[in-house]
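In: Just to be clear, the model below is a prediction. Sequence and coordinates:
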Amino acid sequence: MDEADGIPLDEGLRDGFVRSGAGGLNLNLSPSSRTDWQSSYMLSDIREEAERSLYRENFLGDALFPSTEDEQENRQSQIHRLNSLLRHRFDSTRQLSLRTRLGWQGGQSDAWSERLTYDIARELETLSRRQSAAEGKQWQGGAELGYMQRLAKPGRTLSASLKGTLQHRQQQGQLDALNQLAINHLPKTDSLAQSQTQALLSGNYGLRLSYTEPLGARTWLGFSLRQAYWGDEVQQWTYDYLDPASPEGRLLDALSNHYRRGYTQQQAGLNLRWKGRHLNLQGGLDLERAALRGDLIQADTSLFLPLLNLLPQLHAHMRFSSSRQLFMDYQTQVRPPSLTQLQPLVDNRDPLRVYVGNPELRAEYQHQLNWRYTAFSQYHHTHAFLALTGLYTAYRIAQAVTLDSLFRQQVRPVNVDGEWLVQLMGSLGAAPYALRSRLSLSPRLSYLRSWLWVNGAPTLVSRWQSGGTFQIENRNKKVLDIALGADLRLNHTNYAEAPELNQTFLNHRYFADLRIKAGKRWRLSSRLEVRHFAGDAFAERQTIPLWEAALSHYFLQDERAELRLSAFDLLNRNQGVSRTTSLNYIEEQRVRSLGRYVMLSFTYRLQAVGTAPGAGVQIQMQK
């Protein structure tokens, strides 16, 4: 059954208990035949409550160290957004556009957590309890002005754009923490009672000029110039309330900071484009000069990192026929380290995990190659889509971890040898006439080869992730719509220096969807999904069935009104389980979820069912 588009009430939400509301208005005007103005206003209110439990096995050196964490968190946020787009066509060759954005956001949160870390023998080594509260607000605005003109010679164009944004954020927070270390099996306790205020003012601008000159019937030469700047000023002040000599709070210089930073980028590019009957080619080379500047005002220190790079690119598009095409894209980019990574300061807000910057970092240089193949046949009802991505990063910035005998960590960013990432994904479909059904397969495969630094020793880590989704569904959906399928995901992490710590786990799920049209005004839908989490690297296997169903009735003229009764998690088995893997850990997370519930909703559309989507207004009420 097709679902109507509406206001997204769950945008950016996470697991747990969520209450949300959203609304908006659109206003479109055409003052003249050459001028259009579009504007929209959106507001939303989101309140979240979450309880999480997490089990993680951390790879540190030549062993795995388990840790557990329990967390309770409440969050609330309000968002207002105002967007507009003005377009004016002077004539058939010149066009001007102005896009503006204005937003405000406020929110608050409070959280409690307890983290336990164990040694190889499963003896408790560290305990950390935290209770925090924070509130903040920010506003931001931006504008982008664009101009394009086609000149007298066919194919000769000139375009220019200017854009900029400005943002201001204020935040206050409190932290109470208890950290306990096991020293010779005797606990040592360290307490924290701190408050922190932070103010951020940031802005950026970008200017771009492009010119295209035709060299022949199928060849074009392009020139481009770009100037951009990003800058901000941050003030962060932390006070301690455990010092008896300063009951009103003592400023902690080590945890306070005041700095300005700016990143300037200048780029000049040249590209050549050729368009053939079955093949399009475009190649180019950009010369980029950039500089990262930072002034650590409180520490009376300055940082400067100059960058000069050549950035080649190549694009190709081959048309074998009207239904089969191949795309190839190669591009490069530079990713400089952040000022936080460069500044030689110690951040010990978490005494069990201290962060130290590295002023000797180099910028990352990335090569990315993408291949895409598409094919379809309307006669045979088949389609194929395959995408292959290769990414190589030179001077990859990674986190080097040093672990002491008390399981306290010191984290420092370092450059490592090249990192490789290869990803393959696809979608294959067919509709055999003999089966009276449609079959689809979506395979996925990725390989990551990188380095993990622990206690000064690099370890080569390889991670494979493979799987796919298979689905079969009926073709005639006038009354009955049935779909059955399965999804498999296999994860394997290999440590070259410690193969006994290799990790493998398999997650798979099975699903069945049913939709029935009973006449013109009644719809019945149901979905059953069974999620299976194998034990493998984890201690426990999990099988979770989830079942939901809904009954809808359409009424009033053109079926504009819908009354819908929905039931979720009918078996009351939702446990909010998820498993993830990274280079140096695997983890299982459980989030307390709502469980079985029933919802009655009413929807009224200010457009008839079957008209163009998004062409009207939709009003929703839920209980």
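Out: Noted; the coordinates are in hand. Numbers count the residues shown, from 1 in each chain.
In: what residue ranges in the chain score low on pLDDT?
Out: Within the chain, the segments meeting pLDDT under 70 span 1-15, 60-63, 182-187, 405-406, 535-539, 583, 607-623.
In: if we go to 50?
Out: 1-14, 609-618 (pLDDT under 50).
In: which SSE is the residue lying farthest from the centre of it in?
Out: For the chain, the C-alpha lying farthest from the average C-alpha position belongs to Ala245; by C-alpha atoms, centre = their mean, that distance is 45.8 Å. Using DSSP states H and E, Ala245 is not contained in any helix or strand.
In: go on, Tyr205?
Out: Tyr205 is part of strand 186-214 when elements are defined by DSSP H and E.
In: list the buried ones in that strand?
Out: Residues 192, 194, 196, 198-200, 202-206, 208, 210, 212 are the ones in strand 186-214 that count as buried (16 or more other C-beta atoms under 10 Å). The C-beta positions use only the backbone N, C-alpha and C, and glycine is treated the same way.
In: likewise stretch 454-474?
Out: With the criterion 16+ other C-beta under 10 Å, stretch 454-474 contains buried residues Val454, Pro458, Thr459, Val461, Ser462, Arg463, Gln465, Gly467, Gly468, Thr469, Gln471, Glu473.
In: Look up phi and psi at Asp417.
Out: Reported as degrees, to the nearest 10, the phi and psi values for Asp417 are phi -60, psi 170.
In: What is the neighbour count of it?
Out: Counted with other C-beta atoms under 10 Å, the burial measure for Asp417 works out to 14 neighbours.
In: and it, what does it touch?
Out: With contact taken as C-beta atoms under 8 Å, 6 or more residues apart in numbering, Asp417 is in contact with Arg396, Trp451, Pro458.
In: if you set the cut-off to 10 Å instead, what comes out?
Out: Applying C-beta atoms under 10 Å, 6 or more residues apart in numbering, we find Asp417 in contact with Thr393, Ala394, Tyr395, Arg396, Ala398, Arg449, Ser450, Trp451, Pro458, Leu460.
In: ok, of those, which come out buried?
Out: With neighbours counted using 16+ other C-beta under 10 Å, the contacts of Asp417 contain these buried positions: Thr393, Tyr395, Arg396, Ala398, Arg449, Ser450, Trp451, Pro458.
In: ok so, going back, now, among the buried residues of strand 186-214, which is nearest to Tyr495?
Out: Within the buried residues of strand 186-214, proximity to Tyr495 (C-beta to C-beta) peaks at Leu192, which comes in at 34.7 Å.
In: Just list the residues touching that closest one, thanks.
Out: Contacts were defined as C-beta under 10 Å, 6+ apart; by that measure Leu192 touches 128, 130, 175-179, 240-242, 349-351.
In: can you give me the helices in the stretch 251-400 of the chain?
Out: For the stretch 251-400 of the chain, helices defined by DSSP state H, counting those that start in this stretch occupy the ranges 339-342.
In: that older thread, now tabulate the buried residues of stretch 454-474 in TSV and tack on distance to Leu27 and secondary structure.
Out: Rendered in TSV, the data for those read as follows (distance: C-beta to C-beta, whole Å; DSSP: H, G, I helix; E, B strand; the rest coil):
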residue	distance to Leu27	secondary structure
Val454	57	strand
Pro458	58	strand
Thr459	58	strand
Val461	53	strand
Ser462	54	strand
Arg463	49	strand
Gln465	46	strand
Gly467	46	strand
Gly468	45	strand
Thr469	41	strand
Gln471	42	strand
Glu473	41	strand
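In: Could you list every helix and strand in contact with the strand or helix carrying Glu588?
Out: Following DSSP H and E, one finds Glu588 within strand 585-591. Identification of packing neighbours for strand 585-591 by 3 or more C-beta pairs under 10 Å, 6 or more residues apart in numbering; DSSP states H and E yields strand 35-60, strand 63-91, strand 480-495, strand 503-518, strand 577-581.
In: What helices and strands are in contact with the second one?
Out: In this case it means strand 63-91. The helices and strands touching strand 63-91, judged by 3+ C-beta pairs under 10 Å, 6+ apart, are strand 17-32, strand 35-60, strand 94-118, strand 124-150, strand 585-591.
In: change it to 7 Å
Out: Here strand 63-91 is seen to pack against strand 35-60, strand 94-118 when contacts are counted using 3 or more C-beta pairs under 7 Å, 6 or more residues apart in numbering; DSSP states H and E.
In: ok, it: who's next to it in the sheet?
Out: Pairing partners of strand 63-91, with direction, according to DSSP bridges: strand 35-60 (antiparallel), strand 94-118 (antiparallel).
In: Ok, which of these comes nearest Gln227?
Out: Using C-beta to C-beta as the measure, strand 94-118 is the one of the strands paired with strand 63-91 that comes nearest Gln227, at 19.4 Å.
In: And that closest one, what's buried?
Out: Neighbour count says strand 94-118 has 95, 97, 99, 103, 105, 107-113, 115-117 buried, by 16+ other C-beta under 10 Å.
In: From those, pick the one nearest Glu135.
Out: Distance ranking of the buried residues of strand 94-118 against Glu135, using C-beta to C-beta, places Gln108 first at 3.9 Å.
In: Surely the closest one touches Gln76?
Out: Yes. Taking contacts as C-beta atoms under 7 Å, Gln108 lies within contact range of Gln76: 5.5 Å.
In: before we move on, the earlier item: for the next helix or strand after the strand holding Glu588, the distance to its chain's centre please.
Out: The C-terminal neighbour of strand 585-591 among helices and strands, as given by DSSP H and E, is strand 597-605. Strand 597-605 has its C-alpha centroid displaced from the chain centroid by 30 Å (C-alpha atoms, centre = their mean, to the nearest Å).
In: Give me the helices and strands touching strand 597-605, please.
Out: Secondary structure elements in contact with strand 597-605, counted by 3+ C-beta pairs under 7 Å, 6+ apart, are strand 561-568, strand 618-622.
In: Next, format the contacts of Leu192 as JSON lines and append neighbour count and distance to Asn494.
Out: Listed next are the contacts of Leu192 as JSON lines, based on neighbours: other C-beta atoms under 10 Å; distance: C-beta to C-beta, whole Å:
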{"residue": "Ser128", "neighbour count": "22", "distance to Asn494": "31"}
{"residue": "Arg130", "neighbour count": "17", "distance to Asn494": "34"}
{"residue": "Leu175", "neighbour count": "18", "distance to Asn494": "39"}
{"residue": "Asp176", "neighbour count": "16", "distance to Asn494": "41"}
{"residue": "Ala177", "neighbour count": "19", "distance to Asn494": "37"}
{"residue": "Leu178", "neighbour count": "14", "distance to Asn494": "38"}
{"residue": "Asn179", "neighbour count": "19", "distance to Asn494": "34"}
{"residue": "Asp240", "neighbour count": "15", "distance to Asn494": "45"}
{"residue": "Tyr241", "neighbour count": "15", "distance to Asn494": "48"}
{"residue": "Leu242", "neighbour count": "13", "distance to Asn494": "46"}
{"residue": "Arg349", "neighbour count": "16", "distance to Asn494": "34"}
{"residue": "Asp350", "neighbour count": "18", "distance to Asn494": "30"}
{"residue": "Pro351", "neighbour count": "14", "distance to Asn494": "33"}
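In: Show me the two of those residues that sit farthest apart.
Out: Farthest-apart pair in the contacts of Leu192 is Ser128 and Tyr241; separation 18.8 Å (C-beta to C-beta).
In: Noted, bye for now.
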